[in-house]
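Student: Build me a model:
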Amino acid sequence: MNQVTSMKETRLAVLAAALLLPLAATEAGKQPLELASPFVDDMILQRQQKVPVWGWAAPGSKVTVAFAGQSKTATAGEKGKWMVALDPLAASHDERELIVSTAKGETITRTGVLVGEVWFSSGQSNMDWIAGKSMCRGLADRLRRSKEDHPVREYTVDTGSSVYLRSRASSEGGWKRAKLAGSFSALSLAFAWELHQELKVPVGILRSTHGATSIEPWTAYEGFAAHPKLQNIAAKIRRSDPTTAEGREAFATYYDDLIAWQAESEKRINRGGSALPRPKLPGIGEEWKGPTRMYNKKIAPLIPYAIRGAIWCQGTHNSGDGEIYASKMEALVNGWRKNWGRPDLPFYFTQMQCYGQPGPDSVGFADIREAQRLFFMSAKNVGMVLQHDLNPSRPTGIHYYNKLDPGKRLARWALAHQYGRDIPYTGPIYRSHRIEGDRVRVQFEQRGKGGGLMVASKGMEADGKQNPDAYVEPARETKGAKLQHFRLAGEDRVWHAAEAVIVGDEVVITSSAVPEPVGVQYAYSASPIGANLYNRAGLPATPFAYFKGKQLFEAENPAVLAKAAARARQASTPYLQVATLFRPHAVIQRDLPVPVWGFARSGTKITVRFGAQTKTTVAGEFEDWRVTLDPMPASVKGRDLTVTCNNGPATTVPDVVVGDVWVLTGSTKVAGELVPSNRDSEETPALPLVREFRIRTKARRFREPRKRRMEIGGGKYRSSWRPVTFTEPKVDTSVVGYYFASQVQEAGVPVGMITLGADNPPLTWVSYGGLQEAAGFEKERDELNLLYPNTESGKAAVKDYIETLGRYNRKVADLLKAHDELPEELAASPPAFPQPLRNQWARHTENATLTYNFCICPLTPLAVRGVVWIPGEHNIGESVSRYAPALSAYAASLVETYGQKSVPFLYAQPSAALVEGIARPRIGNAVSLEFDRWPKSLRHVATKLGSLAAKRN
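Tutor: Numbering: from 1, shown residues only. Prediction:
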């Protein structure tokens, strides 16, 4: 198949999809009777309010809803939508039927319906976190084992995202009963159970959550549009909409930008560079978690389901926002209230928990806590639950274990405000402070039945996961203990620990280090472990921070501003980066030219010195540089490889030796199977001349070639050259590296083993350049060329995409102007720019070059003695018939990949008895070893291949 044919098929498929999508919108007349998403079996309806019930039917149909002795009728409108409102209902534990019917004889019956209290819950992963993995596990287990079917239920909206408003959602589990409480949101379960225990009525949770999301996706457009500080977000949303002037202008500019991108990228590639980043769709089109997109898909379809109020837990993904987060919370709440038609809808939320290492100067979540407090103090009918005293003493995990107590605290707010219970519901709330000479007096607002101030503890010194009984709720007084986490600052803005004492309803704070205080703070740090100011009800005081009478935010901190300015200056400062493999104790190849390369500012003069050799070059247009060391004999003497720049930066790579370098590829066991730490030292003696560079990151693939660095993340994921001496603790050696090296090592010749493994088939290890020459993989090549705007496929993709997107926008605009429902395929997002098909969530990949991009590209060009391939079952891939030609293509690509005239290749081959239908690859001058069973350990295979390699040498 040639490029033109392949691109034609791709083009037709995309265009056909765009043409067919709107058909669903024309079939309203055939609409069967349908109920809105939340109206399924075992639902709980809200008591004491009118209860909207809605859905769809054929236009003009008379629809009747019957429940609890009521019968309400509505007529389906022109688009098929109908809605009735049941009169307020009394709470009921009786399971009844809700029956919906039409005059045509259509009927839908929902069973197990209760009436009680319904709350909406939303947020990111800590609200999404299930009870079975939290301190709520015991409660969930009791409900599961109970002979009684406790009337606490949860409806969870399936995941999804949409650029445009949706009227339908889905829920795989529907309304789940209490027997399944282990899969409920932990916070929501604790909240609902507390309400049920006190109110003795059914309690339902309507949950829409998704991990790793900011607040913006959950906010309705109306919330942004009405907020003066968030007009930039509202405008961004409008740029996605082809019915707005902003949208039409944005898409016209986008088309021009795409054309310019293709032309400029082609020029760059032809000059030896890479393509520029492709322009993104206007607005939120390419942002799966962009503003409004979760609301559109996961909340809008639930409105106006009758609820008492809403609870919210979110903030991690906005932790760097600072003060503006308060405005975003206002937009969130106001948008929900407007669209639910409930201007006073109760809204209760959790303030951020402890996260990060304890330390008074580690701000972290303290900044967003201040923004949350700012919102809380200015908004109406909202409540804030504090969580800084709930974490265990090791608050390094973002998903804190104790979801039980914050759920109960949320319930306190609801019980006090919605249900008239005379109970404590909040701790002391900062109201004001005044400075009197060398001391600061802080006044607190006491709401509800909290009582005065006290020093207390919840038992945070314990590990809540291992010893949950050590926690108490509410906190208990600790007489004689001193208040902690109060600090003062003078004009120099240096914060000092302070003495704080309770005097009546105030806290008086002093510090000998700050004789003239102008700043005061309490529990203002990422993890204020041990913060111990409470009211007599055992509920914690709000953290706060002020400087010169103004609430403290990091965005105004001179030190933070100075760091930001320094980072901005770094964009133009000289730098030097040497390729990943050139790290301490590296082994470089003997008897061959050795490329040394890296990156620096364009025009920088680079000087590389190793032994008696000195090589110079100049960093090119694309900031890449490369020199080639002359061939050298083997040497066990470690020497420094130095790289210097004429503009300052320099790098020294110590203890570099010259020997043989082997690259071991194939199964993840190649790098993952380790020599046991309790090994027999006689059976596996140290190999002092052998060093290993082993991949450590879990990632094994990338969409595009990574040149600057192999790892994602540092620390334990950073690869390094390690000796095979077994003398250092925690220095691990791979089985394959050890046993292969034990066979190929020669006297006086160091050996470097680069062990890489990924359970992906050989074609994924082939470079882009190698794929261009691979016979039989034209389809994969043509698809991959979509990533390269200098190819015919890439050029055609730009033209076709502009046409496709224009047709899409016209159809969307027509439907929106006609107030028609957008089909799901149109509403979710605009058509994506043509890309090679891939599943980013799959554990393994079949896509050409993806393993090369991550594992090999950052290491090459590289002088090597040879490359080894040891497959596992997953390396065979989905099609056995493709394995042999793919492995042949991999072997053929090595010369181009490593940049040398020839690359010896050794491989292990599964027998036809082991893998039915497998063929032997055609690889000239290669060494192979056949095996007839998948080995539990690669020791034998590595030893045998090493022996074969030694004989060949």
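Student: Give me the secondary structure label for residue 384.
Tutor: Secondary structure, DSSP: H, G, I helix; E, B strand; the rest coil: residue 384 is strand.
Student: three-state assignment of the residue most central in space within the chain?
Tutor: Centroid-nearest residue in the chain, with C-alpha atoms, centre = their mean: residue 212, separated by 5.1 Å. At residue 212 the chain is in coil, as set by three-state DSSP.
Student: Could you report the separation of it from residue 154?
Tutor: In this view, residue 212 and residue 154 are 21 Å apart by C-beta to C-beta, to the nearest Å. Just so you know, the C-beta spots here come from the backbone N, C-alpha and C atoms, and that holds for glycine as well.
Student: Pull the contacting residues for the residue nearest to the centre of the chain.
Tutor: For residue 212, the contacting residues are 124-125, 289, 317, by C-beta atoms under 8 Å, 6 or more residues apart in numbering.
Student: Specify which member of those is nearest to residue 310.
Tutor: Among the contacts of residue 212, residue 124 lies closest to residue 310 (C-beta to C-beta), at 14.9 Å.
Student: Rounded mean pLDDT for the host helix or strand of residue 254, please.
Tutor: Element membership of residue 254 [criterion: DSSP states H and E] is helix 245-270. Helix 245-270 shows a mean pLDDT of 98 in the predicted model.
Student: can you pull the buried residues of it?
Tutor: Across helix 245-270, burial judged by 16 or more other C-beta atoms under 10 Å covers 246-248, 250-251, 254-255, 258, 261-262, 265-266, 268-269.
Student: Check stretch 143-151 too.
Tutor: Buried, per 16+ other C-beta under 10 Å, within stretch 143-151: 143, 150-151.
Student: Let me have those in CSV, extended by pLDDT and secondary structure.
Tutor: Shown next, in CSV, are the buried residues of stretch 143-151 (pLDDT from 0 to 100; DSSP: H, G, I helix; E, B strand; the rest coil):
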residue, pLDDT, secondary structure
143, 98, helix
150, 98, coil
151, 99, coil
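Student: Would you confirm that residue 117 belongs to a strand?
Tutor: Yes. Assessed by three-state DSSP, residue 117 belongs to a strand.
Student: Who does it form a beta bridge with?
Tutor: For residue 117, the residues forming beta bridges with it (DSSP bridges) are residue 203.
Student: OK, contacts around it?
Tutor: With C-beta under 8 Å, 6+ apart, residue 117 has these contacts: 44, 46-47, 91, 195, 199, 201-204, 308.
Student: rerun that using 6 Å as the cut-off
Tutor: Residues near residue 117 by C-beta atoms under 6 Å, 6 or more residues apart in numbering: 201, 203, 308.
Student: Format the buried residues of helix 245-270 as JSON lines; extra columns: distance to residue 240.
Tutor: Below are those laid out as JSON lines (distance: C-beta to C-beta, whole Å):
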{"residue": "246", "distance to residue 240": "9"}
{"residue": "247", "distance to residue 240": "6"}
{"residue": "248", "distance to residue 240": "11"}
{"residue": "250", "distance to residue 240": "8"}
{"residue": "251", "distance to residue 240": "9"}
{"residue": "254", "distance to residue 240": "11"}
{"residue": "255", "distance to residue 240": "15"}
{"residue": "258", "distance to residue 240": "16"}
{"residue": "261", "distance to residue 240": "20"}
{"residue": "262", "distance to residue 240": "23"}
{"residue": "265", "distance to residue 240": "25"}
{"residue": "266", "distance to residue 240": "28"}
{"residue": "268", "distance to residue 240": "29"}
{"residue": "269", "distance to residue 240": "30"}
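Student: any chance you could map the helices in the stretch 251-400 of the chain?
Tutor: Assigned by DSSP state H, counting those that start in this stretch, the helices in the stretch 251-400 of the chain fall at 293-294, 324-340, 366-378.
Student: Contacts made by the last one with the rest, please.
Tutor: Residues external to helix 366-378 that are found in contact with it (C-beta under 6 Å, 6+ apart): 315, 319, 322-323, 325-326, 329, 351-352, 384, 524-525, 542-543, 554.
Student: Farthest pair within those?
Tutor: Checking the contacts of helix 366-378 with C-beta to C-beta, the most distant pair is 329 and 525, at 21.9 Å.
Student: shaky segments in the stretch 501-650 of the chain?
Tutor: Filtered on pLDDT under 70, the stretch 501-650 of the chain yields the residue ranges 570-571.
Student: now the strands: where do they sit in it?
Tutor: 506-510, 519-522, 533-535, 544-547, 550-551, 576-578, 587-589, 594-600, 605-610, 613-618, 624-629, 635-645, 650-666 (DSSP state E, counting those that start in this stretch).
Student: ok now the helix holding residue 254, how far from the chain's centre?
Tutor: Centroid separation between helix 245-270 and its chain, computed with C-alpha atoms, centre = their mean, to the nearest Å, is 29 Å.
Student: okay, and the helix or strand of this protein with the least pLDDT?
Tutor: Least confident helix or strand, the chain: helix 3-20 with a mean of 44, by mean pLDDT, DSSP states H and E.
Student: roughly how far apart are residue 820 and residue 811?
Tutor: 10 Å.
Student: Neighbour count for the two, which is higher?
Tutor: residue 811 (19 against 16; other C-beta atoms under 10 Å).
Student: that's a strand at that one, yeah?
Tutor: No. With three-state DSSP as the criterion, residue 811 is helix rather than part of a strand.
Student: Give me the pLDDT for it.
Tutor: Reported pLDDT for residue 811: 98.
Student: what about it, distance to residue 689?
Tutor: Taking C-beta to C-beta, one finds residue 811 at 68 Å from residue 689.
Student: likewise residue 803?
Tutor: Using C-beta to C-beta, residue 803 is found at 62 Å from residue 689.
Student: Check residue 782 too.
Tutor: 47 Å.
Student: neighbours around the nearest residue to residue 253 once chain neighbours are set aside, how many?
Tutor: Using C-beta to C-beta, 6 or more residues apart in numbering and skipping the chain neighbours, the partner closest in space to residue 253 is residue 282 (7.6 Å). For residue 282, the neighbour count with other C-beta under 10 Å is 24.
Student: Residue 282 reaches residue 254, doesn't it?
Tutor: Yes. Using C-beta atoms under 6 Å, residue 282 is in contact with residue 254, at 5.3 Å.
Student: Could you list the low-pLDDT ranges of the stretch 301-450 of the chain?
Tutor: 392-396.
Student: average pLDDT across stretch 475-491?
Tutor: Mean predicted lDDT for stretch 475-491 stands at 96.
Student: So for it, what gets flagged as buried?
Tutor: Per 16+ other C-beta under 10 Å, stretch 475-491 contains these buried residues: 475, 483-490.
Student: What segments of the stretch 51-200 of the chain are helices?
Tutor: Shown for the stretch 51-200 of the chain, the helices assigned by DSSP H, counting those that start in this stretch span residues 125-128, 137-145, 186-199.
Student: Of those, which is nearest residue 698?
Tutor: Smallest distance to residue 698 across the helices of the stretch 51-200 of the chain (C-beta to C-beta): 19.5 Å, for helix 125-128.
Student: Can I get that closest one in PDB? Just the C-alpha atoms.
Tutor: Extracted in PDB, the C-alpha atoms of helix 125-128 (Å, rounded to 0.1, in the frame of the first residue of the first chain):
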ATOM      1  CA  SER A 125      -9.600  12.100  43.500                       C
ATOM      2  CA  ASN A 126     -10.100  12.600  47.200                       C
ATOM      3  CA  MET A 127     -13.800  12.800  46.700                       C
ATOM      4  CA  ASP A 128     -13.600  10.000  44.200                       C
END
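Student: Return the distance of the residue nearest to residue 253 relative to residue 491.
Tutor: Residue 282 is 48 Å from residue 491, where distance means C-beta to C-beta.
Student: And for residue 366?
Tutor: For residue 366, the distance to residue 491 - C-beta to C-beta - is 22 Å.
Student: How about the backbone phi and psi for residue 877?
Tutor: Main-chain torsions, residue 877, degrees, to the nearest 10: phi 90, psi -180.
Student: Would you confirm that it contacts residue 761?
Tutor: Yes. The criterion here is C-beta under 6 Å, and residue 877 meets it with residue 761 at 3.3 Å.
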